[in-house]
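**Student:** Structure, please.
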Amino acid sequence: MSVYYVYILETISKKNKKWYYTGYTNNLHRRIEEHKSGKGAQFCRGKKLIKLKYFETFRERSKAMRRELEIKSLSRKEKIKLIKNFNDIEPIDA
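**Tutor:** Model prediction:
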């Protein structure tokens with residue numbers, strides 16, 4: 001069974017401007033490394049910092065793709081709120 005990820009990267013340009021990139025993949029670690037090495041999306045090339053800020057998991061590729069489009073349609077303010085809520089989640093003790 002495959003797992004698909006929808007993620008948001010925070011990027012910092014050479015002019016110190018903060019941008020957010022949203023994508024989906026079936027291998028989150030590999031995809032982030034591709035972005036960092038300049039082999040990912042053209043949007044991320046030339047950025048001085050690329051950092052994973054948010055992700056969701058899905059069992060179906062179509063649902064991940066749909067969610068990616070939903071997130072891409074959000075305003076910058078809404079994306080920041082989504083990231084903040086994700087980072088405010090308390091870890092579950094095992």
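**Student:** Same question for the helix or strand harbouring Ile8: list its buried residues.
**Tutor:** Assessed by DSSP states H and E, Ile8 sits inside strand 4-12. By neighbour count on 16 or more other C-beta atoms under 10 Å, the buried set for strand 4-12 is 4-11. In this view, the C-beta of every residue, glycine as well, is placed from N, C-alpha and C.
**Student:** want to throw those into a markdown table with distance to Glu34 and pLDDT?
**Tutor:** Shown next, in a markdown table, are the buried residues of strand 4-12 (distance: C-beta to C-beta, whole Å; pLDDT from 0 to 100):
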| residue | distance to Glu34 | pLDDT |
| --- | --- | --- |
| Tyr4 | 16 | 97 |
| Tyr5 | 13 | 96 |
| Val6 | 16 | 96 |
| Tyr7 | 12 | 95 |
| Ile8 | 16 | 95 |
| Leu9 | 11 | 92 |
| Glu10 | 16 | 90 |
| Thr11 | 14 | 85 |
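**Student:** Identify, from the residues you listed, the entry nearest to Lys77.
**Tutor:** Ile8 (13.6 Å; C-beta to C-beta).
**Student:** Chain neighbours aside, what residue packs nearest to that closest one?
**Tutor:** Tyr54 (4.0 Å; C-beta to C-beta, 6 or more residues apart in numbering).
**Student:** The one you found touches Lys84, doesn't it?
**Tutor:** No: if you go by C-beta atoms under 8 Å, Tyr54 and Lys84 don't touch, sitting 9.4 Å apart.
**Student:** The two - which one has more neighbours?
**Tutor:** Tyr54 (19 against 11; other C-beta atoms under 10 Å).
**Student:** check contacts around that one.
**Tutor:** Residues in contact with Tyr54 (C-beta atoms under 8 Å, 6 or more residues apart in numbering) are 7-8, 82-83, 86.
**Student:** how about a cut-off of 10 Å?
**Tutor:** Neighbouring residues of Tyr54 by C-beta atoms under 10 Å, 6 or more residues apart in numbering: 6-10, 20, 22, 71, 79, 82-87.
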